[in-house]
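Q: sequence and predicted structure are below.
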Amino acid sequence: MAVAAEQIQALPQRSETIQRHAGIDRAFHWLTAATVLTLMGTGLLPHIGIRFEWLPVHWITGIVLTVLVAFHLVRSLVWRKLRAMWFSMAELRTHTVGKYSVAQKLMHHAMTLIVMTSVITGLLMLKKINTPLLIRDPYVFSLPTWGYIYVLHGLAAIGAITLVMVHIYFGLLPENRMYLRAMVSGWMTRHDQRARVAGIRAGEKHLT
Amino acid sequence: MSIELFRTGHDMWGRTVLQGVSWTLIWVALAIGLAVILCHQVYRLFRRGKPGDR
């Protein structure tokens, strides 16, 4: 496929760029985004009056999200440094800059909590419907237990509304454009990296 | 005005059982999201005006 000359010139020199996200991590991010938005749309729209045949799309997308989460968990636990996602005393006390800011880590952990809650409760809820994967058995849990499962699933879905809104908003801010570009193309310029370190040291929040 | 947090129903013995969260909370979550965005926009507006800032 031919690439326009001006597009090539717009790309930074190889030595001027730093790889921030590997292709597999970017694919995981955008596939997760697509599945979460589909699940939110199919799960919540019928409750605000937009009626359609939502259940088949919802549970199939839920299985896709479960596979993605399992893949990410295995990859994070086996091949990646878990410490990169946890808080260090140094960054809290002296604003030392790692790959992710404190705010970015908080966003990741909040999203983890919401996605894990909806995946676990969603998998349990598969026992209530007819699927080729499981034999339907709504009596596997008592009525009060089903109530708690539904409450947790609903709370996770509703929490996701606020979290996704805030995540998209901060991702689109001009000062955070470098993170969005890195999540699309994988790279960040050295200039961006210097600005990022200076910004975090000055107390800027990065919630993308 | 009070907001219902949960949906409840009755079992075959007439006891109240939980059915899930109230769907009114969808609008609460949307309002909180919008409030965070608005507050941050106001914060940015004031921060931009401070001398010495970018």
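A: In hand now; what should we look at?

Q: where does the chain have low pLDDT?
A: The chain I'm using is chain A. A:1-15, A:94-97, A:199-208 (pLDDT under 70).

Q: wait, chain B
A: Scanning chain B for pLDDT under 70 picks out B:1, B:49-54.

Q: beta partners of the residue in it that chain A sits nearest to?
A: Nearest to chain A, among the residues of chain B, is B:Leu18, at 2.8 Å (Cβ to the nearest Cβ). C-beta coordinates here come from the backbone N, C-alpha and C atoms, glycine included. Beta bridges link B:Leu18 to B:Thr8 when assigned by DSSP bridges.

Q: tell me if I'm right that it and A:Pro144 touch.
A: Yes - B:Leu18 lies in contact with A:Pro144 (Cβ atoms under 8 Å); the separation is 6.6 Å.

Q: looking at these two, which is more packed in?
A: Between B:Leu18 and A:Pro144, counted using other Cβ atoms under 10 Å in any protein chain shown, the more crowded position is B:Leu18 (18 against 13).

Q: re earlier: so who does the residue of chain B closest to chain A touch?
A: A:144, A:147-148, A:150-151, B:6-8 (Cβ atoms under 8 Å, 6 or more residues apart in numbering or on different chains).

Q: which bits of chain B sit near chain A?
A: Contact residues, chain B versus chain A (Cβ under 8 Å from any Cβ of the partner chain): B:6, B:11, B:17-21, B:23, B:25-26, B:28-30, B:32-34, B:36-37, B:40.

Q: show me what A:Ile18 is bridged to.
A: Per DSSP bridges, the residues bridged to A:Ile18 are A:Met188.

Q: show residues contacting stretch A:105-123.
A: Applying Cβ under 8 Å, 6+ apart, the set of residues contacting stretch A:105-123 is A:32, A:36, A:39, A:59, A:62, A:65-66, A:69, A:85-87, A:100, A:149-150, A:152-153, A:155-157, A:159-160, A:163, A:166-167, A:207-208.

Q: around chain B, pick out the residues from chain A.
A: A:44, A:47-48, A:143-144, A:147-148, A:150-151, A:153-155, A:158-159, A:161-162, A:165-166, A:169.

Q: what subset of these is buried?
A: Buried by 16 or more other Cβ atoms under 10 Å in any protein chain shown: A:44, A:47, A:143, A:147, A:150-151, A:153-155, A:158-159, A:161-162, A:165-166, A:169, out of the residues of chain A next to chain B.

Q: having no further points to raise, I will conclude here.
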